[in-house]
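Novice: Coordinates only, no sequence provided:
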């Protein structure tokens, strides 16, 4: 993702705010600038909508994913934006573009992968569109939300703990393994290779986890990790009101807590073996599809053990929301960052 | 569109019906097999959803469309599926995939085109996704519908008149002009060239027209024309209950009425000049985005003059629904056809 994409998003958020039709049959409750949009029909309850795409050559290279994984990954990446809103999963529409020369087996496996992942996430398949063209799968996910359940991304306050589910960074290391190809076939431990490849190839949208956390913790802000922990965290901070005029809150991350994330299963050692700084993988890797939230520490700490028992993945504290100063890790500035949604992928 | 695409749609409609999750947060009221899907959140009113895509090299070739037309055409083709349901237009999500080398001017013009077309159709822009990759624009359109307003596609009955808006076939002739390139730059009359190029490059979703017709005529079935008149009509017939066991109704089209459609502005002459049979353009051209409906003739005839005055396009009777025998034109069989949705584009 480059600065050009952020410029584009800034431009189109502005022009859309100024020039978009209000829509003659419904109300836009939340538009460009969050993980998903919220829209309500004239006499109906609000629905949550989001779209995401997987493009061969951009999000994965030929040979990296099995056909079923291509379909499943596209569904998971879109469903993850529903998780980011703590929405109830509803349904998906698929737009599948396949090269003319691709065979029936490829098509069927891809579709079955999408169907199975939709089922795991509690999403019905509504239909969609088939077209010839360069391989890509675009998934629109729709969910629902009672207004009282909505968790904004811009509600972080100084003193909140910063928490994350799972093991951010594994997906980046898995991608590194695939990029390294045959030369890295025996790098690291088998458990580390398996864990990191699975994180890249078969991510899961944390829909159940996000809804459970929203209910049990009452987070002040919550997003999914798609662009990288540092960047997604900076989006939370930018949209959260500061204490003084124009001053947004900052984040103080704890380097040891971050490092501990990738020690499990030997993923950090594999990362170093591939020439990837594990801290960099965790902070900037992207495509983790884990949940990042901020909440008063006492509310989050009391559910951590139960969370791991129930979902089989950790809920880890990475730091604290502070009174300003951007995203810092044990005192060092991590990254300046921009805007979000339209979501810039692979730019 | 080939038989392989129909096979694919048949296969995935079957497997989806058998294996799709019911969706844990909502109800699927209408799934694969119609122009759009209808979905309702647990405590909300039903929403109408559809997705369509424009792929460079498949739906248009480089140089055929201005950037703004690429964006607008993608919105119109998706919005047209809302028209086919006579839904109230609500909003769209855009998934824009652009080659890395495409510049800011191209991107901004494309987006502005999409935004303007959305505004014309009464659709708010909710957000979406930007990605690098081969040029294509995927648009999810969402609308709403009171259950009493729904017009099924499978309600045609023998005795119904068959009516169409606008001038189906012009889009096919416009495409033919672009395919012929410089050699056809002066073919036909300027008015015919203008009309046919506009039909291909800048189609309009007939959302207002469809809602007006649904209210004023009370059609028995209604679709938009995207795959070609004969094929879209055969879909209506296949989904309409027959009088006897397993016998679906047929259509008797009037060759003279069809021929008259393209006489206006000299489009038929241009068609012949390009080596395209005008009747073939009307029946099989596709991408017309006009409305096709069946209704008792007395209910439709009384609004035809008012329709043309109000919307500036004709509402023409093309024939009659009969008791069986497929789609026939002045006695000759036109075409056997398949299924629909997942919508097969350009396959």
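Specialist: Received, thanks. Quick caveat: nothing in here was measured; it's all calculated off a predicted structure.
Novice: Could you look up the next helix or strand downstream of the helix or strand where residue A:130 lies?
Specialist: In the assignment (DSSP states H and E), residue A:130 maps to strand A:124-132. Using DSSP H and E, the helix or strand that follows strand A:124-132 in sequence is strand A:136-144.
Novice: Identify the neighbouring strands of the helix or strand that that next one is followed by in the sheet and state each direction.
Specialist: Following strand A:136-144 in sequence order, the next helix or strand is strand A:161-165 (DSSP H and E). Take DSSP bridges as the rule and strand A:161-165 pairs in its sheet with strand A:291-295 (antiparallel), strand A:315-322 (antiparallel).
Novice: how far does strand A:161-165 sit from the chain's center?
Specialist: Strand A:161-165 sits 14 Å away from the centroid of its parent chain (Cα atoms, centre = their mean, to the nearest Å).
Novice: Other residues contacting that strand?
Specialist: Identification of contacts with strand A:161-165 by Cβ atoms under 8 Å, 6 or more residues apart in numbering or on different chains yields A:206, A:209, A:213, A:225, A:229, A:233, A:251, A:253, A:261, A:290-297, A:300-301, A:307, A:311, A:313-321. The C-beta positions use only the backbone N, C-alpha and C, and glycine is treated the same way.
Novice: if we can go back for a sec, most packed of the strands paired with strand A:161-165?
Specialist: Among those, ranked by average contacts under mean count of other Cβ atoms under 10 Å in any protein chain shown, first place goes to strand A:291-295 (a mean of 27).
Novice: what residues does that strand touch?
Specialist: In contact with strand A:291-295 (Cβ under 8 Å, 6+ apart) are residues A:83-84, A:151, A:155-157, A:160-165, A:206, A:209-210, A:213, A:217-225, A:229, A:232-233, A:236, A:300, A:321.
Novice: that older thread, ok, which of the strands paired with strand A:161-165 comes nearest residue A:51?
Specialist: With Cβ to Cβ, the closest approach to residue A:51 among the strands paired with strand A:161-165 belongs to strand A:291-295: 19.9 Å.
Novice: Show me which residues of the helix or strand just after the closest one are buried.
Specialist: Downstream of strand A:291-295, the next assigned helix or strand under DSSP H and E is helix A:297-301. By neighbour count with 16 or more other Cβ atoms under 10 Å in any protein chain shown, helix A:297-301 contains the buried residues residue A:300.
Novice: And the next helix or strand past helix A:297-301?
Specialist: helix A:304-311.
Novice: What residues sit buried inside that next one?
Specialist: A:307, A:311.
Novice: From the contact counts, what lies against that helix?
Specialist: Helix A:304-311 is packed against helix A:207-217, strand A:315-322, with contacts defined by 3 or more Cβ pairs under 8 Å, 6 or more residues apart in numbering or on different chains; DSSP states H and E.
Novice: do that again at 10 Å, thanks
Specialist: The contact analysis (3 or more Cβ pairs under 10 Å, 6 or more residues apart in numbering or on different chains; DSSP states H and E) places helix A:304-311 against strand A:161-165, helix A:207-217, strand A:315-322.
Novice: Same list (these) but as JSON lines, adding mean pLDDT.
Specialist: Output for the helices and strands packed on helix A:304-311, formatted as JSON lines (pLDDT from 0 to 100):
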{"stretch": "strand A:161-165", "mean pLDDT": "98"}
{"stretch": "helix A:207-217", "mean pLDDT": "94"}
{"stretch": "strand A:315-322", "mean pLDDT": "97"}
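Novice: want to throw those into TSV with distance to residue A:90?
Specialist: TSV is the format used below for these (distance: least, Cβ to Cβ, whole Å):
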stretch	distance to residue A:90
strand A:161-165	22
helix A:207-217	11
strand A:315-322	26
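Novice: quick one: low-confidence ranges for the stretch 151-300 of chain A?
Specialist: Across the stretch 151-300 of chain A, the ranges flagged by pLDDT under 70 are A:242-246.
Novice: Now it against chain B: closest residue?
Specialist: residue A:207 (9.0 Å; Cβ to the nearest Cβ).
Novice: neighbours of that residue, just the number please.
Specialist: Residue A:207 has 29 neighbouring residues, counting by other Cβ atoms under 10 Å in any protein chain shown.
Novice: For it, give me its contacts.
Specialist: A:76, A:79-80, A:82-89, A:120-123, A:141, A:143, A:224, A:291, B:24-25 (Cβ atoms under 10 Å, 6 or more residues apart in numbering or on different chains).
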